[in-house]
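*Asks:* Return atomic coordinates for the entry below.
(chains A and B)
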Amino acid sequence: MTDRLKLVTWNINSVRLRMPIVEKLIEEIAPDVICLQETKCPDANFPENAFRKAGYEYIAINGQKGYHGVATVSRLPLENIEKRDFCDMGDSRHVAVDVPFNGTSLRLHNFYVPAGGDEPNREINPKFAHKLDFMAEMKSWLQGSETNRPAVLVGDLNVAPYEHDVWSHKQLLRVVSHTPVETELFEDVRETGGWLDAMRQFTPMDDKLYTWWSYRAKDWSKADKGRRLDHVWVSEPLAPHIKGTSVLRDARGWEKPSDHAPVIAEFAA
DNA sequence: ATGGCGTATGGAATACGA
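*Replies:* Residues are numbered from 1 along each chain as shown, chains lettered A, B, ... in the order given. A predicted model of the protein is given here:
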């Protein structure tokens, strides 16, 4: 049965520390495929056995010690695993796979885009320069390559592109993740690659939509000063098949939570 | 009060996240 597919993307902020809530997600949502970011774990230490026990036998990981790291785990076979080293930094920020869907397969890219540091100025902040260079390389690498086949790009893209993707557009215009130089480049990457913003197809542009809430808020839910940093993009051939997206906000309140909530996307033939 | 916290490394204090 490959005529339905339930996909979750989640910045887990240490996969080893958070296996209990990953298992809770699996019990509650039963995704077919889970894309994780910030696994913070070398490949040799990735909790493969726990995922296998939970039914996720197919695992594509691109991890490193201490920082970053992405993983795509699946109940369905994964093929053509590809890991690209953007900006030649040696960072583990991307893994792509083919997943069976609807009698064929879809290409699934899992990204962890650099956060970009504090100062939104590439001249004085190398992390911000890296973030912009990373997105520029995404644009040139992806332009046209996934336009004509079913494809999904998910992950922590670390940009909140629209006014209602942040709690205060005005107060965040000079804060990294929502500056015009980032949001304009972000849209350029998306449009040039032929991608559609799936989450905004199911939530009106005038409604607030967040996937991340800072650990530092005294009461994250009450303050609700969130940002939409995690995304689901789909290629045009796949667009007719996306049946819904949602943010599992509850997971932000689970025991020892990640500061990101999972984003769920469902596809059908 | 948009950082007041949290994680990894390493075994205290620092780098990093956004």
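
*Asks:* Show me which residues of chain A sit near DNA strand B.
*Replies:* Contact residues, chain A versus DNA strand B (CB under 7 Å from any atom of the strand): A:11, A:13-14, A:16-17, A:38, A:40, A:42, A:65-67, A:114-118, A:127, A:156, A:158, A:166-167, A:172, A:175-177, A:212, A:214-218, A:223, A:225-227, A:229, A:256, A:259-260. Every residue, glycine included, has its C-beta placed from N, CA and C.

*Asks:* Quick one: residues contacting A:Lys40.
*Replies:* Residues near A:Lys40 by CB atoms under 8 Å, 6 or more residues apart in numbering: A:Asn13, A:Ser14, A:Val15, A:Arg16, A:Gly63, A:Gly66, A:Tyr67, A:His68, A:Gly69.

*Asks:* Just the buried residues out of the residues you listed, in PyMOL syntax.
*Replies:* Command for PyMOL that selects the buried part of these, burial taken from 16 or more other CB atoms under 10 Å:
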select buried, chain A and resi 13+15+63+68+69
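
*Asks:* Can you classify A:Asp98 as helix, strand or coil?
*Replies:* Look at A:Asp98: counting by DSSP: H, G, I helix; E, B strand; the rest coil, its state is strand.

*Asks:* That one touches A:Ser74, doesn't it?
*Replies:* No. The criterion here is CB atoms under 8 Å, and A:Asp98 misses it with A:Ser74 at 10.4 Å.

*Asks:* got a pLDDT number for A:Met1?
*Replies:* On the pLDDT scale, A:Met1 is placed at 66.

*Asks:* Relative to A:Ala71, how far out is the closest residue to A:Val15 other than its chain neighbours?
*Replies:* Distances taken as CB to CB, 6 or more residues apart in numbering put A:Thr39 closest to A:Val15, at 4.2 Å, once the chain neighbours are dropped. Distance of A:Thr39 to A:Ala71, given as CB to CB, to the nearest Å: 5 Å.
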